[in-house]
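Enquirer: Okay, structure incoming, though there's no sequence with it:
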């Protein structure tokens, strides 16, 4: 789906009255809403009496959400740090987009799903509407939920796992015998990468994380605790060059260091560097000049490392977004016993203001070891939704 269409589809979730909700009055629902950009505890609140989404449009599903996972993209939109590219059409808005639940209604032209089906849904450009009883998901961004997975597990698979799969199988094309280094091996992306590269046949996998037991369990041969050692000073890391490096934690400074130290094979020898963190984990994109400052170095680096591949690894930024096909590829691995969901020990969080804020705070802390999920079936009393004019005045 195109950026413009997915933006309009996502932004409709929770924006207007329509379907009735069994978890509230007719036409209303419970939802976590942000009244402005800012820190979670300052702007997020779970409220009852929020207008439910309208009937699904062409190609859409109306989904009763059972669980919603949190991603860095959700935080970047909520914080306002990337508001040049990611921002809601208006406040208050409902964050979140990686959901698992049941189909309540289908729009015109939907052929793959019917009312009552359990589904996993994700987002393309803007993740909006997920932290609510009801949300809208485009059919192209949804897959059937396997019965063997709980809704908590399923929502955790919606984005990070297919995103990592696209990097391993399509971008880096990891093959049997490759030596692989994964920087940041215990978050949602990192735990997925470890399993996927091992399944692809990597002969040696090193990673940086404080969770050594978990990393080894998922396939790591060498674990470097980045709080105690610098990975580039560990003899087992530098003894032999890597075929592939996935950077899920560090950014430009690490790319430059690894290139200068010759940690990765050159492009002509098959060396690949795939990053999820182009400059640093924190992204600021609030003015027009931030966009070229963000994009140009990435594309320039991708071009010149290919032109000079005799001397440097080939650099790639992982841009491809998950959709139904990549989610289905992950689920096939799950069903075959080759991939499992790794949840943060704190998960699931309850669907309360404190729960949703806690989920975001854990994400922002960068101390989560696995995916962070909010269980929408865990409920307590919520604040009644204020009138629109009152909410906007806050």
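Expert: Ah, there it is. In this text the structure is predicted, and so the values were computed from the model without any measurement.

Enquirer: Could I get the buried residue list for the helix or strand harbouring residue 361?
Expert: Residue 361 belongs to helix 353-365 when assigned by DSSP states H and E. Buried positions in helix 353-365, judged by neighbour count with 16 or more other Cβ atoms under 10 Å: 353, 355-364. Every C-beta, even on glycine, is put in place using the N, C-alpha and C of the backbone.

Enquirer: Repeat that for stretch 257-276.
Expert: Buried residues in stretch 257-276 (16+ other Cβ under 10 Å): 258-259, 263-267, 270-276.

Enquirer: if I look at residue 259, how far off is residue 275?
Expert: 12 Å (Cβ to Cβ, to the nearest Å).

Enquirer: Look up how far residue 273 lies from residue 237.
Expert: Using Cβ to Cβ, residue 237 is found at 15 Å from residue 273.

Enquirer: counting contacts, what elements does the helix or strand residue 300 falls within pack onto?
Expert: Residue 300 is part of helix 290-307, with elements assigned from DSSP H and E. For helix 290-307, the packing partners by 3 or more Cβ pairs under 8 Å, 6 or more residues apart in numbering; DSSP states H and E come out as strand 314-317.

Enquirer: what comes into contact with the helix or strand that the strand it packs on is followed by?
Expert: Next along the chain after strand 314-317, taking DSSP H and E as the criterion, comes helix 324-335. With Cβ atoms under 8 Å, 6 or more residues apart in numbering as the test, helix 324-335 has contacts from 120, 122, 139-143, 146, 148-149, 157-158, 161-163, 165-166, 169, 196, 199, 320, 339-341.

Enquirer: Now with 6 Å, please.
Expert: Here helix 324-335 makes contact (Cβ atoms under 6 Å, 6 or more residues apart in numbering) with 140, 143, 146, 157, 161-162, 165-166, 339.

Enquirer: pretty sure residue 322 is in contact with residue 163, am I right?
Expert: Yes: counting by Cβ atoms under 6 Å, residue 322 touches residue 163, with 5.4 Å between them.

Enquirer: For the stretch 201-350 of the chain, which segments are assigned as strands?
Expert: Remark: strands assigned in the stretch 201-350 of the chain by DSSP state E, counting those that start in this stretch are 204-208, 222-224, 244-247, 272-275, 314-317, 349-351.

Enquirer: Need the winner for burial among these.
Expert: A comparison of the strands of the stretch 201-350 of the chain by mean neighbour count, using mean count of other Cβ atoms under 10 Å, puts strand 244-247 on top with a mean of 26.

Enquirer: other SSEs contacting it?
Expert: strand 179-183, strand 272-275 (3 or more Cβ pairs under 6 Å, 6 or more residues apart in numbering; DSSP states H and E).

Enquirer: Just send these back as JSON lines, with mean pLDDT and distance to residue 109 too.
Expert: Supplementary listing: those in JSON lines, determined by pLDDT from 0 to 100; distance: least, Cβ to Cβ, whole Å:
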{"stretch": "strand 179-183", "mean pLDDT": "97", "distance to residue 109": "41"}
{"stretch": "strand 272-275", "mean pLDDT": "96", "distance to residue 109": "36"}
